[in-house]
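>>> I need the structure of the sequence given here:
(2 chains)
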Amino acid sequence: MSFPSCVIIFVFCLCTLVGLQITSVGRGRGGTDSLSQKLHSENKGKTTELVVQGLSLVAVQGCHGKNHKDAASVRATHPIPAACGIYYFEVKIVSKGRDGYMGIGLSAQGVNMNRLPGWDKHSYGYHGDDGHSFCSSGTGQPYGPTFTTGDVIGCCVNLINNTCFYTKNGHSLGIAFTDLPSNLYPTVGLQTPGEIVDANFGQQPFVFDIEDYMREWRAKIQSTIKRFPIGDRLGEWQAMLQNMVSSYLVHHGYCSTATAFARVTDTTIQEEQTSIKNRQRIQKLVLAGRVGEAIEATQQLYPGLLEHNPNLLFMLKCRQFVEMVNGTDSEVRCFSARSPRSQDSYPGSPSLSPRHGSSNSHIHSTGADSPTCSNGVMSTKSKQSHSKYPALSSSSSSSSSSSPSSVNYSESNSTDSTKSQQHSSTSNQETSDSEMEMEAEHYPNGVLENSSTRIMNGTYKHEEILQTDESSMEDSCPQRQLCGGNHAATERMIQFGRELQILSEQLCREYGKNTVHKKMLQDAFSLLAYSDPWNCPVGQQLDPIQREPVCAALNSAILESQNLPKQPPLMLALGQASECLRLMARVGLGSCSFARVDDYLH
Amino acid sequence: MALLSRSRYTQEYICQIFSHCCKGPDHQTILFNHGAVQSIAHLLVSASYKVRMQALKCFSVLAFENPQVSMTLVNVSVDGELLPQIFVKMLQRDKPIEMQLTSAKCLTSMCRAGAIRTDDPCIVLKTLPCLVRMCSKERLLEERVEGAETLAYLIETDVELQRIASITDHLIVMLADYFKYPSSVSAITDIKRLDHDLKHAHELRQAAFKLYASLGANDEDIRKKIIETENMMDRIVNGLSESSIKVRLAAVRCLHSLSRSVQQLRTSFQDHAVWKPLMKVLQNAPNEILVVASSTLCNLLLEFSPSKEPILESGAIELLCSLTQSENLALRVNGIWALMNMAFQAEQKIKSDILRGLSTEQLFQLLSDSDVNVLMKTLGLLRNLLSTRPHIDHIMSTHGKQIMQAVTLILEGEHNIEVKEQTLCILANIADGTTAKELIMTNDDILQKIKYYMSHSNAKLQLAAMFCISNLIWNEEEGSQERQDKLRDMGIVDILHKLSQSSDPNLCDKAKTALQQYLA
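Numbering: from 1, shown residues only, chains lettered A, B, ... in the order given. Presented below is the predicted three-dimensional model:
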């Protein structure tokens, strides 16, 4: 009886902690913009001429290098994004030239590029000739050893505590600067002829084990989250967590689990049992693609609800039309000679939980999977398949950072229904216990034959679909036909389409133009333009996954009408956490890159 | 051992028992001979963290200063992975500190035993930086102590590791912080903290001294950096007079390491009158401190050291002479070594004091010491005593008989080339004296020996013997004609002719110069 509940509780406890730790935890978009880091010479030095060749920098003849005014610096094309958490680059001294007056460091935009880094305000450097560090000042502080031809000098900016340390040949030299400002550019300066350096922004392996350093900080941030003090409010917390779990179960209509959970934890469920079951039944109908029946049931159980929500009704009807095309809606199914089972393209319905409801789907895709470190040194952790160093052209930060994952996301949506069918058939076995329990249930006011719905509570992982190999599925696809291939059903569908068109026009008259509606209708009708609707540009509408947002919207509306929260608090907390992390990335709090909501969702 | 296959709790507790009970090489050997390494190795990949941790601890105890175990560990593998690789994984920075530190200890033992090279990346890029991190302010006091001690052990004999450690994470500055406990803040605000600080203060100080000693063992620049650290010399001076033997010992070690620097001997050692507390340490200290302290004193008595004078005045001769009588070999060596340094280019009075303090009896005792080091340093002392003509004549007039006896004895005995060479050099010095010459000229036995060594197969000994002859036949001196005649009669000139044809340029030159004396 408590089969999924223990798993769920564990997961939820963790995400709740994230949700409530809003002020100090976050995660970043991952500064993809600096993946394309190169050296860039803006310098128009009077005496020193620097030649930038890709990532090499050469001080050429003609510079005298007699005093600091003869120096010249170049900086990378992009500043270090705060959201990357930890930033690292290395510079190899190919030749120390005449005197080896070289400086490696950081500088803000607008800093004088005719001097070695460190001399001016908002400029920081480590110089090879004396091993001193220069913190916006003409006088250096003893810092580390000198460096010369053959040495590899690394510079690491920690954006979590705003410090910087250098490395020499893979050995950390200790903190050089603290309280660094944001938006600094990696900078290299040379002064005497013949000095040559190569910069490495991650295109080659680093000498210093930066991975290990990042591991330490990831562990630090995560232990801060885990050890967030709750003091003597432990009891309060437990009750709150239990409520969150309970409300989540109730929200999604996991009736028996919710009851079992309430019994074990000694809590009460606000909503009545029958109400939960009714909602559950309606949800099952939508998820099974039997939208017509779902509308009927809603009108019967919650009179007036759809009348007050014309937008929702329109959405449902559009979906119903799509399902008719699909051949799953009961209005067309009654014509079908096929057995209901094989026709049911959605036997194991996904529970809504992994998707976090429709309103959260964008959160899922917004950079959640983008690499946390700008120069890609940690992107190995990311499951995404996009390249570490996508392109050498700069990709601007906010918009593009989310793109890789969202591309993947939409791919998954366009996968045809059989894929989920295959998947769910495997998960059928794993969760057969739950299925049996569901079948044994009795619905006192059931309009519906219990045996025909094989919807279960089992967990359905959105990610698993992502990982399924698309091509391997193509052949196993059974032949599908419009409205199940039945002529009468097709007639009915066309008639229904006309009714839908009329409804749309009616809504348009009453409430004014609605572009969303227009688009929805257009998409739905477009299906008819193709001989094989399942393999057409708008074919993804037929994917059973598309039932989920409709189902969620209907469920929320019902709950709202009963004066219950339309979103479970758990989802709110999760959404808040994700939003908070994005906010942190925006305002430059580096720690956000080492705390990912995904890490806490198992 | 048989129980190790039982439940994870049994495994955990058994490993814990082993690591707590295993004390010293005997226990290590017993466990090793019973197959502990193989039995425990697979626990390193146990699913339980506690089992892994206790197994790791076991290895750190088993391998500690034990070359046999350490050499074995390198080749043991679990699930196709060699132990060093497993240890390196446990060093990762996101692992618990306890695990990082303990695996660093294992790797350190293996490195010191020679099982892993000192330039292996797993030492240079993993173990060493990990241990430096353990010294940081963020770590617990216990961890900082253990980290510093382990690091001191790791780099003790390798100058490259010392150089790397010295630039890593400002280690030298970081260590200065070890002396700041109990801090002034803790004294006022928090009794519990004060107690904790006090308990660890000694441990911290001695660990820091130890690590400074290792860091400065070989490299002059590092020594300079250490001494330039805030109040460093004051801290050492204070450390020398601490009640805790451990701290005193570590402070002396540190001083010893730094005393290898000529520049520091001349400057900071003098500025801080380091010799004073050092002489104090030498009074009634346990042997382990005496060994290091007397060794340090040796350096402070080098002729360029400005501390030499005040040390002499504070009764060092007596102290050092007594050390030469010690049962402890290292103390005897250091005692006589210090005396040797002291006698180098010293004035007459000091030389007489040394001879008087040592007594001829003791001198003979040392010359018949079974340890070649003691013998060499004693001969060195004699050679230093017998330099500059007036000194030679003076000493030979008082102790001539005994010294000639001793020289004869050694030249007749079974000794290595270096000892014989040193002895011949003493003879050459004696031959340089005005009156002392006669002690050789009247001793046919010695003359025959010199003649013998002129034709020895070893060029070094031939050269040393020739120095004697050269000094004896030198023209401008009184009575040179008689000496030349006597030696010619002995057949020395023939040998010189032969040697002037030698292929060895040194011998050839020397023989030709000697022959010229006859021509003049």
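>>> neighbours of the nearest residue to residue B:417 once chain neighbours are set aside, just the number please.
Distances taken as CB to CB, 6 or more residues apart in numbering or on different chains put residue B:458 closest to residue B:417, at 5.6 Å, once the chain neighbours are dropped. Where C-beta positions appear, they are placed from N, C-alpha and C, glycine not excepted. Residue B:458 has 12 neighbouring residues, counting by other CB atoms under 10 Å in any protein chain shown.
>>> now residue B:458: how far from residue B:411?
To residue B:411, residue B:458 is 14 Å away according to CB to CB, to the nearest Å.
>>> Now do the SS call for residue A:92.
Recorded secondary structure, residue A:92: strand (DSSP: H, G, I helix; E, B strand; the rest coil).
>>> One more: residue A:525?
Secondary structure assignment for residue A:525 (three-state DSSP): helix.
>>> Now do the contacts for it.
residue A:497 (CB atoms under 8 Å, 6 or more residues apart in numbering or on different chains).
>>> Tell me the predicted confidence for it.
Looking at residue A:525, its pLDDT reads 86.
>>> Look up how far residue A:486 lies from it.
Distance from residue A:525 to residue A:486, by CB to CB: 20 Å.
>>> Now for the residue nearest to residue A:305 when sequence neighbours are not counted: which residues touch it?
Distance criterion CB to CB, 6+ apart; nearest residue to residue A:305, sequence neighbours excluded, is residue A:561 at 5.2 Å. Going by CB under 8 Å, 6+ apart, residue A:561 touches A:302, A:305, A:308.
>>> what do you get for residue B:206?
Residues near residue B:206 by CB under 8 Å, 6+ apart: B:244, B:246, B:247, B:249, B:250, B:251.
>>> Give me the next element, helix or strand, following the one helix or strand residue B:9 maps to.
Assigned by DSSP states H and E, residue B:9 belongs to helix B:8-21. Next along the chain after helix B:8-21, taking DSSP H and E as the criterion, comes helix B:24-33.
>>> Can you point out the buried residues in whichever helix or strand comes after that following helix?
Once the chain leaves helix B:24-33, the next helix or strand it forms, by DSSP H and E, is helix B:36-41. Neighbour counts over helix B:36-41 (16 or more other CB atoms under 10 Å in any protein chain shown) mark B:36, B:37, B:39, B:40, B:41 as buried.
>>> Could you check how far the fourth one is from residue A:515?
The reference is to residue B:40. 71 Å.
>>> Kindly report the same for the first one.
Note on residue B:36: its distance to residue A:515, by CB to CB, is 77 Å.
>>> Please apply the same query to residue B:334.
Distance, residue B:334 to residue A:515, using CB to CB: 96 Å.
>>> Kindly report the same for residue A:143.
61 Å.
>>> So the two - more neighbours on which side?
For residue A:143 versus residue A:515, the count of surrounding residues by other CB under 10 Å is larger for residue A:143: 21 against 7.
>>> So for the more buried one, what's the pLDDT?
On pLDDT, residue A:143 comes in at 94.
>>> Near chain B, which residues of the stretch 201-350 of chain A? Just list them.
With the criterion set to CB under 8 Å from any CB of the partner chain, the stretch 201-350 of chain A comes near chain B through A:209, A:212, A:213, A:215, A:216, A:218, A:219.
>>> isn't residue A:324 right up against residue A:483?
Yes: at 6.1 Å, residue A:324 counts as touching residue A:483 under the criterion of CB atoms under 8 Å.
>>> Now for these two: what residues contact both?
Shared contacts of residue A:324 and residue A:483, defined by CB under 8 Å, 6+ apart, are found at A:332, A:489, A:492, A:493.
>>> can I get these in JSON lines with neighbour count and secondary structure?
Listed next are the shared contacts of residue A:324 and residue A:483 as JSON lines, based on neighbours: other CB atoms under 10 Å in any protein chain shown; DSSP: H, G, I helix; E, B strand; the rest coil:
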{"residue": "A:332", "neighbour count": "27", "secondary structure": "helix"}
{"residue": "A:489", "neighbour count": "22", "secondary structure": "helix"}
{"residue": "A:492", "neighbour count": "18", "secondary structure": "helix"}
{"residue": "A:493", "neighbour count": "24", "secondary structure": "helix"}
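>>> Could you give the number of residues near whichever residue of the stretch 451-600 of chain A sits closest to chain B?
Per CB to the nearest CB, residue A:594 is where the stretch 451-600 of chain A lies closest to chain B, at 10.8 Å. Per other CB under 10 Å, the neighbour tally for residue A:594 reads 27.
>>> where does residue A:189 land in three-state SS?
strand.
>>> Now for the chain, the helix or strand with the poorest mean pLDDT.
Just so you know, I chose chain A. Least confident helix or strand of chain A, by mean pLDDT, DSSP states H and E, is helix A:3-20 with a mean of 25.
>>> Correction: the question concerned chain B.
Least confident helix or strand, chain B: helix B:184-189 with a mean of 59, by mean pLDDT, DSSP H and E.
>>> For the residue of the stretch 451-600 of chain A closest to chain B, give me its contacts.
By CB under 8 Å, 6+ apart, the contact list for residue A:594 reads A:27, A:85, A:160, A:214, A:217, A:218, A:220, A:221, A:222, A:372.
>>> Just the element for the fifth one, please.
So the one you mean is residue A:217. helix A:210-226.
>>> just checking, next helix/strand downstream of that helix?
Reading on from helix A:210-226 to the C-terminus, the next helix or strand found by DSSP H and E is helix A:234-251.
>>> Give me the packing partners of that following helix, helices and strands only.
If you count contacts as 3 or more CB pairs under 8 Å, 6 or more residues apart in numbering or on different chains; DSSP states H and E, helix A:234-251 packs onto helix A:3-20, helix A:255-265, helix A:569-587.
>>> And the last one, what does it pack against?
The reference is to helix A:569-587. Looks like helix A:569-587 contacts helix A:3-20, helix A:234-251, helix A:361-365 (3+ CB pairs under 8 Å, 6+ apart).
>>> one more time with 7 Å, if that's ok
Contact partners of helix A:569-587 among helices and strands, from 3 or more CB pairs under 7 Å, 6 or more residues apart in numbering or on different chains; DSSP states H and E: helix A:3-20, helix A:234-251.
>>> How about the second one?
The helices and strands touching helix A:255-265, judged by 3+ CB pairs under 7 Å, 6+ apart, are helix A:3-20, helix A:234-251, helix A:273-287.
>>> which is the next helix or strand following the last one?
Meaning helix A:273-287. Sequence order places helix A:291-301 as the next helix or strand after helix A:273-287, per DSSP H and E.
>>> So for that next one, mean pLDDT?
Summarised as a single mean, pLDDT over helix A:291-301 is 87.
>>> tell me which residues in it are buried?
A:291, A:292, A:293, A:294, A:295, A:297, A:298, A:301.
>>> Equivalent analysis for stretch B:236-250, please.
Neighbour-count burial for stretch B:236-250 flags B:236, B:237, B:239, B:240, B:242, B:246, B:247, B:248, B:249, B:250 (criterion: 16+ other CB under 10 Å).
>>> Switch these over to a markdown table, and while doing so, append distance to residue A:199 to every line.
Conversion of the buried residues of stretch B:236-250 to a markdown table gives the following (distance: CB to CB, whole Å):
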| residue | distance to residue A:199 |
| --- | --- |
| B:236 | 44 |
| B:237 | 48 |
| B:239 | 47 |
| B:240 | 50 |
| B:242 | 51 |
| B:246 | 49 |
| B:247 | 48 |
| B:248 | 51 |
| B:249 | 49 |
| B:250 | 45 |
